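[1] Provided below for reference: sequence and predicted model.
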Amino acid sequence: MTGGFIYVGRRSSVFNHHRTEPSLIDETLKVYTRPVTYSDHTLSYWPSYSRISPYCRGAFLSWLGSDRNHPNTPLGYVFIYFYGLERRIMIDSVQHKNEVDDNEYVAIFNEVLRLQQIYGESLSFLRYSTNLLEAMYILRPHAVPYSEITTERGWDSSVVKYQLGKTVSEKKPVSADLALAWLKSYPEYNLRVPARRCAVEFEELFKRRFTQKYAEGFFVKPIKNRLYLSYFPASSAIESIPLVNEYLSDPSMLRVPISKIIAIADECIDDLDSYSRYIGRENNSRSDIRALLLLPEDLKDHAQENGLSQIREWVEGKMKDQQAVVDVIDLWNHTQLPVPEKLNRTETNLLEDLFEKCGYGLVPNREYHFAKPDMDGKYVLFQGGHGTNFKPSKAFHEMGMALRLGAMVATIDSEVDESEVSFLNQLIDHDSSLTSTEKISLRSYLNWRLHTPSNLRGLKARVKKLGPQEKSFISHIMVRVALADGKVERSEILKLERLYSLLGLDKSLVSRDIHHLYSSPSATQSSVINGKPEPSQSAMKQKQKSDTFGLDESILEIHKSQTRDVQSMLSAIFSGEDPEEEMDENYEEDSIDTEAPGMDGIDRTHYALYEKLINKNMWTDDEFDKLCEEKKLMRSGAIETINDWAYDHVGAPVLEEEPDGIYVDHEVVLELDQY
């Protein structure tokens, strides 16, 4: 501080007013030196320099001679000083404008701001100082910034009324900032806890959603009510002063426009509720990964700026062709949470949500790809992510199964040939029924399958429901992958035979299908079976034309010619619903205690229910009860029987009862598939 901003002298010589100026330092009065923290009974609610004791005058002058920032200074001294600033603006500046130039005006504005930052914990001083700052802005908007003024909740803000009146009278739209200020100063509305605890997030979310709804701004029609604004001073020596002389409309208390603004605010507060409750708990902070995941989708970039930017930098460093293959453990370490023994539903959901927030899709996704990696496995990330409204189509699931089987063929000899990968990628690219998001998700899924040891877990239950056309389509793909590199090893034939058996096809058809596709006009490479070349004349002629492997058009035709019945069947496989309400006749005829073939410890009826349940991640109570009713089973008994059977085989329950329904633990399903 450099001092100043005070009135010194005798009242009669300095002020020609019938009231004594409380801020005037009368040099004729006695003063006894005291520390700035001293006070006595003479320092009343309406303090005045002339009426306080000589000891209080000494404390006040000690404070004036310091940097005027001691936090324990009695508030009465701050008000005596404030009265002088108030007089300088409201009397000297208003009545004698040339007496206070803009430089001094701005200096006083900044001094009031400084005092507010130090002593603003007092609601009384906060309100009076804010009123003066607002009045200074209204009187000279060109000189001082409105952005520095704090509009307190529920206060009848003069600045907000003035800006509203100006905006509406000039037939301009109300901006998001002004709408928020209107909301905060509206006396009949109080912001709830989430908006107060998460003020920064709430204001940003409100402005975004307001702008999204009112891109051009919010128009309010002018009304006849005229705006009257006056300044009511803290000093008893100054009377109220009018602030606005021009004619302005006053829409501040109109209920219809403010109700629309309140509706947006309430929606934002509701969406911030979970985030607010989380950061309100002890030891939780805004930078916690779990906190960031609770932010509304609108604030995705806000989350990135406040804790996810490092994750993005790490992923971008590993990106190649819009994909990144990363170790699960490295991915998990970025959550800053303890490393789990294995990835369960809670952990995979957290990772999927986290990287979707960062703008990346995580593959495999348990809901979309019916698979998950092990802790020592890998994930594949792709730019853009699946998005909040992503719903896989029937074609997506159909292609996913084909890619899984194709990847198994491609990795039989532990060496993936580029031509095999190229064929599978072409299969994705040529499918016009897939969206762009589905295609990049499937390419990432293929990449993950090629980096993950192949197995048959989970395939049996799904493949068994495929119809002849789907099975034919997939078997063609497997054989075509095997032929893609121009040769078929004995190990590939054995694996193909095993996969054919899984599909319910005669494994003896493998050699026939290889020969058929190899001899087709689209085969462009020679084929070697068991290490011995068996080229055909058509293949030789085609090879002379081109050595580039192309997508077999016959496969595309098979794929394109899927009938509605086939699509309905595929939908049933992946949605868990039959296209028609039909039961397996064997289930109807067999008694409930008959053991399912190959399934020790569980009868046919309960196993049939289990096969239904594993086609979805979660069933509502009503859905589950309906399935039990169809099988003539009791709800609790069915859950107990299936979980007991799962315990006997893998040591864990497969069904989890939650308040919102029955969850299927697909990790346990994958383990049960091995039996």
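    All right, it came through fine.
[2] How is the protein partitioned into domains?
    1-150, 152-284, 290-383, 403-567, 583-672 (automatic domain parsing).
[3] Show the pLDDT at the residue nearest the centre of the chain.
    By C-alpha atoms, centre = their mean, the chain has its centre lying nearest to E297, at 3.5 Å. If you check E297, the pLDDT there is 81.
[4] Am I right that it is in contact with T388?
    Yes - counting by C-beta atoms under 8 Å, T388 is a contact partner of E297 at 5.7 Å. Any C-beta I mention is one placed from the backbone N, CA and C, and that applies to glycine too.
[5] Reformat the domains of the chain as a markdown table; add distance to K394.
    Output for the domains of the chain, formatted as a markdown table (distance: least, C-beta to C-beta, whole Å):
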| stretch | distance to K394 |
| --- | --- |
| domain 1-150 | 54 |
| domain 152-284 | 33 |
| domain 290-383 | 13 |
| domain 403-567 | 5 |
| domain 583-672 | 14 |
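[6] Relative to P392, which of those domains is closest?
    Nearest to P392 among the domains of the chain is domain 290-383 (5.2 Å), distances taken as C-beta to C-beta.
[7] Can you give me the end-to-end span of that closest one?
    In domain 290-383, first residue to last residue: 22 Å (C-alpha to C-alpha, to the nearest Å).
[8] which other helices and strands contact the helix or strand that D353 is a member of?
    For D353, the enclosing helix or strand under DSSP states H and E is helix 345-357. Applying 3 or more C-beta pairs under 8 Å, 6 or more residues apart in numbering; DSSP states H and E, we find helix 345-357 packed against helix 289-293, helix 309-318, helix 328-333, strand 360-363, helix 366-369.
[9] Distance-wise, check the residue lying closest to K378 once chain neighbours are set aside relative to E313.
    Of all residues not flanking K378 in the chain, H451 sits nearest, at 5.2 Å (C-beta to C-beta, 6 or more residues apart in numbering). Distance of H451 to E313, given as C-beta to C-beta, to the nearest Å: 23 Å.
[10] Neighbour count for the two, which is higher?
    Set side by side, H451 and E313 show more neighbours around H451, with 16 against 9, by other C-beta atoms under 10 Å.
[11] ok, the more buried one touching V325?
    Yes - contact criterion C-beta under 8 Å: H451 and V325 qualify, at 5.7 Å.
[12] any common contacting residues for the two?
    The overlap between the contact sets of H451 and V325 (C-beta atoms under 8 Å, 6 or more residues apart in numbering) consists of 378, 380.
[13] Can you get me a residue count around F109?
    22.
[14] ranges for the strands of the stretch 551-675 of the chain?
    618-619, 655-658, 661-664 (DSSP state E, counting those that start in this stretch).
[15] Reformat those strands as JSON lines; add mean pLDDT and distance to T42.
    Shown next, in JSON lines, are the strands of the stretch 551-675 of the chain (pLDDT from 0 to 100; distance: least, C-beta to C-beta, whole Å):
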{"stretch": "strand 618-619", "mean pLDDT": "90", "distance to T42": "73"}
{"stretch": "strand 655-658", "mean pLDDT": "84", "distance to T42": "68"}
{"stretch": "strand 661-664", "mean pLDDT": "88", "distance to T42": "72"}
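[16] for stretch 243-254, how far is the first residue from the last?
    22 Å.
[17] same question, stretch 328-343
    Start-to-end span of stretch 328-343 (C-alpha to C-alpha) is 9 Å.
[18] buried set for it?
    Neighbour counts over stretch 328-343 (16 or more other C-beta atoms under 10 Å) mark 328, 331-332, 334-335, 343 as buried.
[19] and of these, the nearest to E489?
    Within these, the smallest distance to E489 is 31.2 Å, found for V328 (C-beta to C-beta).
[20] quick one: that closest one and L343 touch, right?
    Yes - in this structure, V328 is within contact of L343 by C-beta under 8 Å, at 7.1 Å.
[21] shared neighbours, these two?
    In contact with both V328 and L343: 373-375, using C-beta under 8 Å, 6+ apart.
[22] Mind checking which of those residues land in strands?
    Counting by DSSP state E, none of the members of these fall within strands.
[23] Export those residues as JSON lines, with columns for distance to S259, neighbour count and pLDDT.
    As requested, the shared contacts of V328 and L343 are exported to JSON lines (distance: C-beta to C-beta, whole Å; neighbours: other C-beta atoms under 10 Å; pLDDT from 0 to 100):
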{"residue": "P373", "distance to S259": "50", "neighbour count": "20", "pLDDT": "87"}
{"residue": "D374", "distance to S259": "54", "neighbour count": "12", "pLDDT": "86"}
{"residue": "M375", "distance to S259": "52", "neighbour count": "14", "pLDDT": "88"}
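[24] so can I have JSON lines of those residues showing distance to S236?
    Below are those laid out as JSON lines (distance: C-beta to C-beta, whole Å):
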{"residue": "P373", "distance to S236": "75"}
{"residue": "D374", "distance to S236": "78"}
{"residue": "M375", "distance to S236": "74"}
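[25] what's the closest of these to A646?
    D374 (19.3 Å).
[26] That closest one and Y663: what is the separation?
    Plainly put, D374 is 21 Å away from Y663 if you go by C-beta to C-beta.
[27] How about L295?
    Distance from L295 to Y663, counting by C-beta to C-beta: 25 Å.
[28] How about V36?
    Applying C-beta to C-beta, the value for V36 to Y663 is 65 Å.
[29] More neighbours: these two, which one.
    Between V36 and Y663, counted using other C-beta under 10 Å, the more crowded position is V36 (20 against 17).
[30] Next, the contact list for the more buried one, please.
    59, 62-63, 66, 70, 72-73, 77.
[31] List just the nearest of those to T348.
    Lowest distance from T348 to the contacts of V36 (C-beta to C-beta) belongs to N72, with 55.0 Å.
[32] Please give the number of neighbouring residues around the closest one.
    Neighbours of N72 under the rule other C-beta under 10 Å: 7.
[33] excluding its backbone neighbours, what's nearest it?
    T37 (5.1 Å).
[34] out of the strands of the stretch 551-675 of the chain, which comes closest to G400?
    Among the strands of the stretch 551-675 of the chain, strand 661-664 sits nearest to G400 (C-beta to C-beta), with 18.4 Å.
[35] Show me what the closest one pairs with in its sheet, parallel or antiparallel.
    Strand pairing for strand 661-664, determined by DSSP bridges: strand 618-619 (antiparallel), strand 655-658 (antiparallel).
[36] and the ones you listed, which is most packed in?
    Sort the strands paired with strand 661-664 by mean neighbour count, taking mean count of other C-beta atoms under 10 Å, and strand 618-619 sits at the top with a mean of 18.
[37] So what's the residue count around H397?
    So H397, with other C-beta under 10 Å, has 20 neighbours.
[38] Secondary structure class of it, three-state.
    helix (DSSP: H, G, I helix; E, B strand; the rest coil).
[39] how about low-confidence regions in the stretch 401-550 of the chain?
    413-414, 454-465, 517-550 (pLDDT under 70).
[40] mind running it again at 90?
    401-424, 426-427, 430-431, 450-550 (pLDDT under 90).
[41] for it, what spans make up the helices?
    Using DSSP state H, counting those that start in this stretch, the helices of the stretch 401-550 of the chain run over 418-429, 436-450, 459-463, 468-484, 490-503, 509-519, 537-545.
[42] got those as CSV, with distance to I108 and mean neighbour count columns?
    Formatted as CSV, the helices of the stretch 401-550 of the chain follow (distance: least, C-beta to C-beta, whole Å; neighbours: other C-beta atoms under 10 Å):
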stretch, distance to I108, mean neighbour count
helix 418-429, 69, 19
helix 436-450, 59, 22
helix 459-463, 77, 16
helix 468-484, 80, 22
helix 490-503, 85, 17
helix 509-519, 89, 18
helix 537-545, 89, 12
